[in-house]
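Colleague: With the input below, show me the fold.
(chains A and B)
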Amino acid sequence: MLIKKHQYWAFVLPALLFIVFIIALPFLIGIYYSFTDSNGLRASFIGFKNYQILFHDVIFLQSLWLTVKFSVVSVLLINIFGLAFALIVTRSDNRFNKSLRTVFFMPNLIGGILLGFIWQFIFTSAFKAIASSLNLNFFNGWLSDPNTGFWGIVILFVWQMSGYIMLIYVSFLNAIPQNTIQAARLDGANKWQALLFIKLPQLAPAFTISLFLTLANSFKLYEQNLALTNGGPYRSTEMISMYIYNTAFVNFQQGYAQAAGIILFLCVTLVSFLQLALSRRREK
Amino acid sequence: MKKKKISKYLSIFVFSIIGLFWIYPFAIVLINSMKGKRGVFQNPLWFTKDFSLANFKTAFQALDFAHSFFNSLLVTVGSVLLITIISAAAAYAISRVKGPFSSIIYYICAGTMLIPFQSIMVPLLSLFGKVNFLNRTSLIIMNTGLSVSLSIILYYGAFQGVSKSLDEAAALDGAYPLKTFAYVIFPAVSPMTGTVIILNSMKIWNDYLLPSLVVNKNGMYTIPLKMYSFFGETNSEWQLALAGLVLSMIPIIVLFLLLQKQVMTSVTEGAIK
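Modeller: Residues are numbered from 1 along each chain as shown, chains lettered A, B, ... in the order given. So this is what the prediction gives:
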């Protein structure tokens, strides 16, 4: 053994301390909080009451349902766009591959707050100009309507994430040996058949990774939500993270907010285990 | 053959249109940041006659840009330095000493990665609030705690790929483990160090939620925080808000264009591992 026991602990202890004090301990305290009526100053134990109220809280249920709906829609769209972009930028006959890759990835560099403001401008000012020049009422008032407001956040998120997911698909596409594709083409497969029967099956693990990444990210979405619609109109576009934030730091119902936080944790964990189970089964 | 050539030009044309469409949101922000209030109102989709760069000066002052930039830089650099050193050290130890402790630590890292920040933010904030420790230093500490798990797992994979004979050779030369780590093994995984630095820098530089809870006070604002409050003050003076957005985006875009290839590889690696 090259590393002695006390040296081992010197290496791992700093990291452990950070994880314990910043994540593990707050998480355990958080579980306790979720059983109290804490308002940030005083707290007393009330058992499962928060959870009982949560399941009858219309605004919470609405935000949870909105988050689920948002996740499903954006996961689908992001993966479709990501894969399409990946196929575009890996074409051998395209001179603009590199610059296109940069363009598609660019939105991913920018923080959620800035992205939200960019799209707030587009949905209010630019859309209004389009509406009046084309005489189409469809483009008016996108952010003041619950339905189009929802799609506004979806559009923003798809714009942000597609380039990121593209990179994952690209790395798997590049790993497919060229000669399998050439062999298929020699056997008479056309371009689309090669894509469908050779490339897509090889992309299955990339799909699992992308699915999980987009799902986890959309469950935790907050800043884009805040800067684009701020949950409005009337909390109709408020997703679960924003619900937790507002409950904890605007209404100061911290125990109650923490119970919602635990439910968010359970959702994310469930998704992760599903993903793990899925990829395990595939490996067999 | 001619048909092939036409389809090639056609596809290039179509892809360029898609690319232009994708980048248009950035363009529209830039275009309108260089106008007066009237131009934004008249035609927000393209340039108007009232071209001016004055908005940038106003936005620069309103954002207290030099100061906010410094705060962002301080928090990002401080956090990333801590994260890199601490997670590399821990990952090195658990990759070299096999045993129950190392497995447990690995699983703790994997497990804590599942916890969304929103599930711990209330107790975390109340913990630090109780001891009145909410400033840039505690922000750095929190960023570090929130990022070490993923970084340890990334480094662990990299150290597994470094042959143990390298450690043994260094030990035979009389080096202590710390010396072996610092001078032999850590330099051997510098591509992974690049990845860890890039991933964490992007996340921390762009973060709004945590800083808004910890350093939301005068003199400590980071760029996203200051941008958020500036946006509220602009009162639908879009040209000013957009100039602020452009200023706020410049640093990260410039850095990206310089390190493009490395950034894209890092991001892919971070997602796949």
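
Colleague: Could you list which residues are in contact with the most centrally placed residue in chain A?
Modeller: Chain A has A:Asn217 as the residue nearest its centroid, 2.1 Å off, counting by Cα atoms, centre = their mean. By Cβ atoms under 8 Å, 6 or more residues apart in numbering or on different chains, the contact list for A:Asn217 reads A:Met161. Bear in mind the C-beta positions are built from the backbone N, C-alpha and C, glycine included.

Colleague: ok, now B:Leu247?
Modeller: Counting by Cβ under 8 Å, 6+ apart, B:Leu247 has contacts B:Phe56, B:Ala59, B:Phe60, B:Leu63, B:Phe65.

Colleague: Give me the neighbour count for the last one.
Modeller: The reference is to B:Phe65. 20 (other Cβ atoms under 10 Å in any protein chain shown).

Colleague: ok, for it, nearest residue in space, not its chain neighbours?
Modeller: B:Leu247 (5.9 Å; Cβ to Cβ, 6 or more residues apart in numbering or on different chains).

Colleague: Repeat that for the first one.
Modeller: Using Cβ to Cβ, 6+ apart and skipping residues adjacent in sequence, the residue nearest B:Phe56 is B:Ala243, 4.9 Å away.

Colleague: about what we covered before: how distant is the strand or helix carrying the residue nearest to the centre of chain A from the center of its chain?
Modeller: Assigned by DSSP states H and E, A:Asn217 belongs to helix A:204-219. Averaging C-alpha positions (Cα atoms, centre = their mean, to the nearest Å) puts helix A:204-219 8 Å from its chain's average.

Colleague: how near is the residue positioned nearest the centre of chain B to chain A?
Modeller: Nearest to the geometric centre of chain B sits B:Met202, at 0.9 Å (Cα atoms, centre = their mean). As judged by Cβ to the nearest Cβ, to the nearest Å, B:Met202 and chain A stand 7 Å apart.

Colleague: Measure how buried B:Ile83 is and give me the count.
Modeller: By other Cβ under 10 Å, neighbour count at B:Ile83 equals 28.

Colleague: Would you enumerate the residues in contact with the nearest residue to B:Trp22 once chain neighbours are set aside?
Modeller: Ranked by Cβ to Cβ, 6+ apart and with sequence neighbours excluded, the top spatial neighbour of B:Trp22 is A:Val103, at 5.5 Å. For A:Val103, the contact set (Cβ under 8 Å, 6+ apart) comprises A:Gly163, B:Gly19, B:Trp22, B:Ile23.

Colleague: okay but the second one is in contact with A:Arg101, surely?
Modeller: Spelled out, it's B:Gly19. No - the pair B:Gly19 / A:Arg101 is not scored as a contact, 9.7 Å apart, by Cβ atoms under 8 Å.

Colleague: Between these two, point out the one with more neighbours.
Modeller: Ranked by neighbour count (other Cβ under 10 Å), B:Gly19 and A:Arg101 place A:Arg101 first, with 23 against 20.

Colleague: Please identify the helix or strand for the more buried one.
Modeller: Assigned by DSSP H and E, A:Arg101 falls in helix A:97-105.

Colleague: mind checking how far the closest residue to chain B within the stretch 51-200 of chain A is from B:Leu210?
Modeller: The minimum distance from the stretch 51-200 of chain A to chain B, using Cβ to the nearest Cβ, falls at A:Gly111 (3.0 Å). In this view, A:Gly111 and B:Leu210 are 12 Å apart by Cβ to Cβ, to the nearest Å.

Colleague: more crowded one of these two?
Modeller: Each of A:Gly111 and B:Leu210 has its neighbours counted (other Cβ under 10 Å); A:Gly111 has more, 24 against 19.

Colleague: May I ask which helix or strand encompasses the residue in the stretch 1-150 of chain B positioned nearest to chain A?
Modeller: Residue nearest to chain A within the stretch 1-150 of chain B: B:Gly145 (2.3 Å; Cβ to the nearest Cβ). Secondary-structure assignment from DSSP H and E places B:Gly145 in helix B:136-160.

Colleague: can you pull the buried residues of the next helix or strand after that helix?
Modeller: Counting by DSSP H and E, the element after helix B:136-160 in chain order, helix or strand, is helix B:164-172. For helix B:164-172, a neighbour-count test (16 or more other Cβ atoms under 10 Å in any protein chain shown) marks B:Asp167, B:Ala170, B:Ala171 as buried.

Colleague: right, and the first one touches A:Leu2 too?
Modeller: Yes - proximity of B:Asp167 to A:Leu2 meets the contact threshold set by Cβ under 8 Å, at 5.6 Å.

Colleague: can you list residues touching both of those two?
Modeller: Joint contacts of B:Asp167 and A:Leu2 (Cβ under 8 Å, 6+ apart) are B:Arg96, B:Thr180.

Colleague: shaky segments in chain A?
Modeller: By pLDDT under 70, the low-scoring segments of chain A are A:1, A:93-94, A:283-284.

Colleague: Good, wrapping up.
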